[in-house]
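The sequence and its predicted three-dimensional model are supplied below.
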Amino acid sequence: MNKKKIVVGMSGGVDSSVAAYLLKEQGYDVIGVTMQIWQDEERNVQEENGGCCGLRAVEDAQRVAQALDIPYYVMNFKEEFKCKVMDYFVEEYLAGRTPNPCIACNRYVKWESMLKRSLEIGADYIATGHYARIARMSNGRYAVRNSVTAKKDQTYALYSLTQEQLAHTMMPIGEYTKEEIREIACKAELPVAHKPDSQEICFIPDNDYASFIDKTAGERVPEEGNFVTKDGRILGRHLGITHYTVGQRKGLNLAMGRPVFVTQLRPETNEVVIGEAEEVFGDTLYCNQVNYMGMESLTQPREVLAKIRYAHAGELCMVERVADDVIKCTFHKPVRAITPGQAVVFYDDGYVLGGGNIIGTKMP
C-alpha cells in the first residue's frame, strides 16, 4: 500500500517542525517546503528578518528536515506574496482600512499557491503548524475547529479557506498545547525546540507599518490632515491616515486633558475622527466578501459567536443576509473598535461557520 504524500509548510519554527515530525511518526511520506516570499533585498537585510519565511527560517527548516531525514525544498512565491499580501496591505491602509495580511497570506499563498504546487508534484495533502483542527460536520462540509488551547488558537485567520482546500489539509498540532509542542520537540531533539515564536508581521519586522507604507506608496503617501470631531470641529493635525486605526489612543499627540480615541478614518477628506471612549463601541457591523465554511449559506437569521479581530474573545450576535454579498451582524452587547478592513468570523460550538470583510457600521 502506497503511503500518502504530504507537503508540510515549514517556517523554521517549532510548531511547523513538530507538525512534520508528528506526520512522519504517523507513517506519512513527508516533504518539507518553505515558501520564498522575500523580495530582492540584500542578503544581510533578509538575514535580519526573523519572520516565518526569511533566510533564517530557510536555514532552520533545512536543519529540521535533515534531523527528520525528509526531503526539503524551497518554493518561490515572491510574485504571489507581493501581489496578494504586500500590495493589498498598502492599498487597504491608503483606503483608510486596517488589513489583516496573515489572512490574505493564508488564503492566497499558503493555500491557493502552495496547495496547487503540491498537488502538481503528486502530494495528497498539505499540512501546516497552525493551532487549529479540521473537522467534517454533520452537513458534510469541512470546517476549521478551535484548537485545544484558546491561548494559541489561530482559527480566526483561517476563515477564508475553501472546501477544496480544507479537504486536502491537515493541522496536526491543533490537538496540543504550546507547552506540549515544546516538549515533543525536545524529546525528538529537533534543533528549533527552544526557538522563540515570531510575533511581528513577517515583511515588517520592526513593526513600523507607517514607514513601510510611506516607502512603498511613493507619491501616493497620504499628506498630513486634520483631527476632527464627528461633527467636523478641527482639533489638530495628524501625520497621515496610514498612521492610525479605529480604537487607537496612543500616539495621537492631542492635548485634550483626557483620553480620546480614533473613531473613524475619512480618506476622502483626509480626516481622522476623534471621540470619547464610549464612541469606540458599536453593536452593528456589515461585512462582505463572505466565505461560507461550516454552513453552506445564510438563508435566515442565526445566532453565532462572532470575533472581530484576532485577539477578540468573541461576542454573541444575530447574523442575517441583507444583500447578495452583505451580512449584517447585530451584537447582543456592544463591541469595541469595529474596524473596516478587518475580518469578522462566525463560530458555533467552536466550529468556524464562515466570515467576511468588515465594511463598517452602516449599510454600504
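Sure, I can see it.

Lowest-scoring secondary structure element of the protein by mean pLDDT?
Ranked by mean pLDDT, DSSP states H and E, the weakest helix or strand in the chain is helix 43-48, scoring a mean of 47.

which element follows that helix toward the C-terminus?
Where DSSP states H and E defines the elements, the next helix or strand beyond helix 43-48 is helix 55-68.

check contacts around residue 190.
14, 17-18, 21, 64, 67-68 (CB atoms under 8 Å, 6 or more residues apart in numbering). To be clear about C-beta, it is placed using only N, CA and C from the backbone, and glycine gets the same treatment.

among these, who's most crowded?
Among the contacts of residue 190, residue 17 has the most neighbours (other CB atoms under 10 Å), with 32 neighbours.

so that residue is in which element?
Going by DSSP H and E, residue 17 is in helix 14-25.

go on, residue 166?
helix 163-167.

name the helices or strands packed onto that helix?
strand 142-146 (3 or more CB pairs under 8 Å, 6 or more residues apart in numbering; DSSP states H and E).

Which residues does the strand it packs on contact?
With CB under 8 Å, 6+ apart, strand 142-146 has contacts from 132-137, 153, 155, 158-159, 161, 163, 166-167, 174, 293-294, 347, 350-353.

which stretches of the stretch 51-200 of the chain have low pLDDT?
51-55, 199-200 (pLDDT under 70).

all helices of it, in order?
55-68, 78-81, 87-94, 101-105, 114-120, 163-167, 178-187 (DSSP state H, counting those that start in this stretch).

Highest mean neighbour count out of those?
Across these, the average number of neighbours (mean count of other CB atoms under 10 Å) peaks for helix 101-105, which reaches a mean of 22.

other SSEs contacting it?
Under the contact rule (3+ CB pairs under 8 Å, 6+ apart), helix 101-105 is packed against helix 87-94.

which other residues reach the helix it packs on?
Counting by CB under 8 Å, 6+ apart, 98-99, 101, 104, 209, 212-213, 216-217, 220, 222, 241-242, 267, 341 sit against helix 87-94.

Quick check: phi and psi at the nearest residue to residue 146 once chain neighbours are set aside.
Nearest non-adjacent residue to residue 146, counting by CB to CB, 6 or more residues apart in numbering: residue 350, 4.1 Å away. Reported as degrees, to the nearest 10, the phi and psi values for residue 350 are phi 90, psi 0.

Would you mark the buried spots in stretch 356-364?
Within stretch 356-364, the residues that qualify as buried are 356-360, counting by 16 or more other CB atoms under 10 Å.

Please apply the same query to stretch 23-39.
23-24, 28-38.

Could you do stretch 189-205 as well?
190-193, 195, 198, 201-205.

Can you give me the end-to-end span of it?
Stretch 189-205 has an end-to-end distance of 28 Å (CA to CA, to the nearest Å).

So how do I select the buried members of the contacts of strand 142-146 in PyMOL?
A single PyMOL command selects the buried members of these (16+ other CB under 10 Å):
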select buried, resi 132+133+134+153+155+158+159+161+166+174+293+294+347+350+351+352+353
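
Now do residue 317 against residue 157, distance only.
For residue 317, the distance to residue 157 equals 20 Å [CB to CB, to the nearest Å].

what kind of secondary structure is residue 363 in?
Here residue 363 is recorded as coil under DSSP: H, G, I helix; E, B strand; the rest coil.

could you list every residue that touches it?
286, 322, 326, 328.

Sheet-wise, list the partners of the helix or strand just after the helix holding residue 17 with their directions.
Downstream of helix 14-25, the next assigned helix or strand under DSSP H and E is strand 29-36. Partner strands and pairing direction for strand 29-36 (DSSP bridges) are strand 5-9 (parallel), strand 72-76 (parallel).

Throw the buried residues of stretch 23-39 into a markdown table and include distance to residue 94, thanks.
Output for the buried residues of stretch 23-39, formatted as a markdown table (distance: CB to CB, whole Å):
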| residue | distance to residue 94 |
| --- | --- |
| 23 | 41 |
| 24 | 45 |
| 28 | 44 |
| 29 | 45 |
| 30 | 42 |
| 31 | 39 |
| 32 | 37 |
| 33 | 33 |
| 34 | 31 |
| 35 | 26 |
| 36 | 27 |
| 37 | 22 |
| 38 | 23 |
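
By pLDDT, rank those and give me the bottom one.
Taking the buried residues of stretch 23-39 together, the minimum pLDDT is found at residue 38 (69).

what distance separates the start and the end of stretch 339-349?
25 Å.

for it, which positions count as buried?
339-347.

I'd like to know which of these is nearest to residue 303.
The nearest member of these to residue 303, counting by CB to CB, is residue 346 at 9.9 Å.

Residue 111 versus the closest one, what's the distance?
Using CB to CB, residue 346 is found at 20 Å from residue 111.

Also residue 165?
Distance, residue 165 to residue 111, by CB to CB: 5 Å.

Residue 271 bridge partners, please.
residue 226, residue 266.

same thing with residue 346?
residue 306, residue 354.

That one contacts residue 319, correct?
Yes: if you go by CB atoms under 8 Å, residue 346 and residue 319 touch, sitting 6.2 Å apart.

residues shared between the contacts of the two?
304, 306.

if we can go back for a sec, just put the helices of the stretch 51-200 of the chain in TSV and tack on distance to residue 253.
Listed next are the helices of the stretch 51-200 of the chain as TSV, based on distance: least, CB to CB, whole Å:
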stretch	distance to residue 253
helix 55-68	36
helix 78-81	34
helix 87-94	20
helix 101-105	27
helix 114-120	43
helix 163-167	44
helix 178-187	38
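
For residue 251, find the nearest of those helices.
Among the helices of the stretch 51-200 of the chain, helix 87-94 comes nearest to residue 251, with 15.2 Å by CB to CB.
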